[in-house]
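**Student:** Return a 3D structure for these sequence lines:
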Amino acid sequence: MISSAVRSLDNSNKYVIVQTSALIIGIGLAFLIAELDYENFASISKYLYAASVVLLILVLTPLGTGRVETGGQSWFRFGFVGVQPAELVKIAFIITFARHLDSVKDNINNFKNVALLAVHLG
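**Tutor:** Predicted coordinates for the structure are as follows:
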């Protein structure tokens, strides 16, 4: 499908090779991640939360770069490699929010706990 989509572009083989490589790496990482026990991350959820906040703040500094067309600063560029912190933060959010919910599950209807969950969500 990639080959037919980029056939009219110059150097179309490059796109096919890059996308196929990314697919293979992605499938390998998916199998690796599926073998991880996510409950092991519960003990470091506070550090994950702090790292997430720091990454989202850093992307607003000159370290964060974006494309001129979009005007967004959502990437860290390291040479030819780019990292989008928001994608990492999504995973960290799921882990930290689940841990937070687990910690207040017996008293979740308390206003303070709902407010703290709302702050966490924000």
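**Student:** From here on, just use CA atoms for contacts and neighbour counts.
**Tutor:** Fine.
**Student:** Now for this structure, the helix or strand with the poorest mean pLDDT.
**Tutor:** Ranked by mean pLDDT, DSSP states H and E, the weakest helix or strand in the chain is strand 64-65, scoring a mean of 60.
**Student:** Give me the next element, helix or strand, following that strand.
**Tutor:** strand 75-78 (DSSP states H and E).
**Student:** elements contacting that following strand?
**Tutor:** Applying 3 or more CA pairs under 8 Å, 6 or more residues apart in numbering; DSSP states H and E, one finds that strand 75-78 contacts strand 64-65, strand 81-83.
**Student:** for the longest helix belonging to the chain, packing partners?
**Tutor:** Ordering each helix of the chain by length in residues (DSSP state H) puts helix 12-34 first. Judged by 3+ CA pairs under 8 Å, 6+ apart, the packing partners of helix 12-34 are helix 2-6.
**Student:** What is the helix it packs on packed up against?
**Tutor:** When contacts are defined as 3+ CA pairs under 8 Å, 6+ apart, helix 2-6 packs onto helix 12-34.
**Student:** Whatever helix or strand comes next after the helix it packs on: how far from the chain's middle?
**Tutor:** Proceeding N to C from helix 12-34, the next assigned helix or strand is helix 45-58, under DSSP H and E. Relative to its parent chain, helix 45-58 has a centroid offset of 12 Å by CA atoms, centre = their mean, to the nearest Å.
**Student:** What helices and strands are in contact with helix 45-58?
**Tutor:** Short answer (3+ CA pairs under 8 Å, 6+ apart): helix 45-58 packs on helix 85-103.
**Student:** Quick check: next helix or strand after the helix it packs on?
**Tutor:** Following helix 85-103 in sequence order, the next helix or strand is helix 111-121 (DSSP H and E).
**Student:** I'd like the distance between the residue nearest to the spatial centre of the chain and K112.
**Tutor:** Centrality entry for the chain: nearest residue to the mean C-alpha point is E87, 1.8 Å, by CA atoms, centre = their mean. E87 sits 29 Å away from K112, going by CA to CA, to the nearest Å.
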